[in-house]
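1. Attaching a predicted model along with its sequence, questions to come.
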There are 2 protein chains.
Amino acid sequence: MASASKRERLTAAAQRVFHEQGVEKTTLADIARVADVPLGNVYYYFKTKDQLVQATIDSHAEYLGNLTDELGRLDSPGKRLKGLIDFWVSGRDLAARYGCPFGTLTVELDKREDGLDQAAGEVMRKLIDWCAAQFRSLGCDDAPDLAITLVGAYQGMAVLANALRDPSIMEREGHRLGEWIDSLG
Amino acid sequence: MASASKRERLTAAAQRVFHEQGVEKTTLADIARVADVPLGNVYYYFKTKDQLVQATIDSHAEYLGNLTDELGRLDSPGKRLKGLIDFWVSGRDLAARYGCPFGTLTVELDKREDGLDQAAGEVMRKLIDWCAAQFRSLGCDDAPDLAITLVGAYQGMAVLANALRDPSIMEREGHRLGEWIDSLG
DNA sequence: GTCTATAGGGTGATAGAC
DNA sequence: GTCTATCACCCTATAGAC
């Protein structure tokens, strides 16, 4: 179906350009050009720019859902958490240039109060809850706090890798987090 | 001097509004209104919007410089680092609503490549270097890495406190960081 | 469903009076 | 030094042909 394909191309383009330029600086013309769709046609698929932002949040949520589903097949909670860390580190070059694809979007949307900020926060909470479940399986009684520490460490290392334009920060911090997980199991 | 006062009012207004709304979404009219200065007059003090962004970065750098100078008077590196953590935690309510005042600015500017991104990165590096000096005084041989971990932990907790609109995250994480510092000394 | 043309509103920046 | 008026441009969104 050609229309579904165009919608997907627009969503993918929006996700990429929002990450590289930020939401506010990005124009619908930017997204239309990257998606190779005429500008006026964008409005057939998304009635407002905010709907493209919502589609981007949904896309991140779906991607994270698939990722945690896959990690869930690993046979121990420690392996699952370390698998998540490996995934984060594998994105170090992109994070060093444009920041965490989902974190920077969340930070930008959090300055608003129109619902899109909460939508992004819910996706973040879902990831934290998944981590907390793994820590609980490891036998930790302060699992929710440990989940905050883990996801916070990732968001923080992404901010610094981005600010200093240094992906190796994420390798070293990822390694440290891996040893931390091992020390808990 | 009235002109210096207006310049300061514009800088302070820019810093506040950039934090609350983000740089891209903020108009010069927003800043002029908050500073109580007529719109056209802004251009007498700052020839472009980017110069207001640069003034904001300089203001953050000066504030952080004053803070580390004050903390430097404490009589042990452990107290200095924990003093920095206390300062971070004391800003938890603002961070939960709008993120770290300097971190969110850096994240937004890092999507550019016009020099303002590097200017923000240098201020972040200065803070990390100060922390590294404290860890060195504590006798740690991987002081630079520990500094990255500490500042990264702060940036990360600020992102999560903001995304989840929960300042208590910064209290708990701040407490954890304090115990971590104690365990090193 | 697809696309062109354009409306309508707002933005950064400037010219020039005082 | 201070401020008003306004330009020139760009953006989101719509109307309507095909």
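-> Sure thing, it's come through.

2. Tell me the secondary structure at the closest residue to DNA strand C within chain A.
-> Distance from DNA strand C to each residue of chain A (Cβ to the nearest atom of the strand) is smallest for residue A:40, at 2.2 Å. C-beta: built from backbone N, CA, C; applies to glycine. Applying DSSP: H, G, I helix; E, B strand; the rest coil to residue A:40 yields a three-state assignment of helix.

3. neighbours around it, how many?
-> Residue A:40 sits with 9 neighbouring residues when counted by other Cβ atoms under 10 Å in any protein chain shown.

4. so who does it touch?
-> Taking Cβ atoms under 8 Å, 6 or more residues apart in numbering or on different chains as the criterion, residue A:40 is in contact with no other residue.

5. Give me the pLDDT value at it.
-> In this model, residue A:40 is scored at 91, pLDDT.

6. got it, and residue A:4?
-> Per-residue confidence (pLDDT) for residue A:4: 65.

7. Contacts for stretch A:10-23, please.
-> A:26, A:30-32, A:34-35, A:37, A:42, A:45-46, A:52-53, A:55-56, A:59-60, A:98-99, A:101, A:104-105, A:108-109, B:24, B:108, B:111.

8. Export that stretch to PDB, keeping only CA atoms.
-> What follows is the C-alpha trace of stretch A:10-23 in PDB, where atoms were taken according to Å, rounded to 0.1, in the frame of the first residue of the first chain:
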ATOM      1  CA  LEU A  10       7.400  10.600   6.900                       C
ATOM      2  CA  THR A  11       7.600   9.000  10.400                       C
ATOM      3  CA  ALA A  12      11.200   7.800   9.900                       C
ATOM      4  CA  ALA A  13      12.200  11.100   8.400                       C
ATOM      5  CA  ALA A  14      10.700  13.000  11.300                       C
ATOM      6  CA  GLN A  15      12.400  10.800  13.800                       C
ATOM      7  CA  ARG A  16      15.800  11.300  12.200                       C
ATOM      8  CA  VAL A  17      15.500  15.100  11.600                       C
ATOM      9  CA  PHE A  18      14.000  15.800  15.000                       C
ATOM     10  CA  HIS A  19      17.100  14.000  16.500                       C
ATOM     11  CA  GLU A  20      19.600  15.800  14.400                       C
ATOM     12  CA  GLN A  21      18.100  19.300  14.500                       C
ATOM     13  CA  GLY A  22      15.600  19.300  17.400                       C
ATOM     14  CA  VAL A  23      11.800  19.600  17.100                       C
END
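
9. Report the distance from it to the chain centre.
-> A distance of 13 Å separates the centroid of the chain from that of stretch A:10-23, by Cα atoms, centre = their mean, to the nearest Å.

10. Then stretch A:7-21?
-> Between the centre of stretch A:7-21 and the centre of its host chain there is 14 Å, according to Cα atoms, centre = their mean.

11. Is DNA strand C within reach of it?
-> No. Judged by Cβ under 7 Å from any atom of the strand, stretch A:7-21 and DNA strand C are separated, with a smallest distance of 8.3 Å.

12. Which positions in that stretch come out as buried?
-> By neighbour count on 16 or more other Cβ atoms under 10 Å in any protein chain shown, the buried set for stretch A:7-21 is A:7, A:9-21.

13. need the residues of chain A near chain B, please.
-> Selection of chain A residues close to chain B by Cβ under 8 Å from any Cβ of the partner chain yields A:20-22, A:24-25, A:98-99, A:103-104, A:106-108, A:110-111, A:120-121, A:124-125, A:128, A:145, A:148-149, A:151-157, A:159-160, A:162-165, A:169, A:172-173, A:176.

14. and if we set it to 7 Å?
-> Those residues of chain A that sit near chain B, judged by Cβ under 7 Å from any Cβ of the partner chain, are A:20-22, A:24-25, A:98-99, A:103-104, A:106-108, A:110-111, A:120-121, A:124-125, A:145, A:148-149, A:151-157, A:159-160, A:162-165, A:169, A:172-173, A:176.

15. So among those residues, which ones count as buried?
-> When burial is judged by neighbour count using 16+ other Cβ under 10 Å, the buried members of the residues of chain A next to chain B are A:20-22, A:24-25, A:98-99, A:103-104, A:106-108, A:110-111, A:120-121, A:124-125, A:145, A:148-149, A:151-157, A:159-160, A:162-164, A:169, A:172-173, A:176.

16. list the contacts for whichever residue of chain A sits closest to chain B?
-> Among all residues of chain A, residue A:156 sits closest to chain B, at 2.9 Å; criterion: Cβ to the nearest Cβ. By Cβ atoms under 7 Å, 6 or more residues apart in numbering or on different chains, the contact list for residue A:156 reads B:152, B:153, B:154, B:155, B:156.

17. any idea of the angle the helix or strand harbouring the last one forms with helix A:143-164?
-> In the assignment (DSSP states H and E), residue B:156 maps to helix B:143-163. Computed with axes from the mean of the first three to the mean of the last three Cα atoms, to 10 degrees, the direction of helix B:143-163 lies at 110 degrees from that of helix A:143-164.
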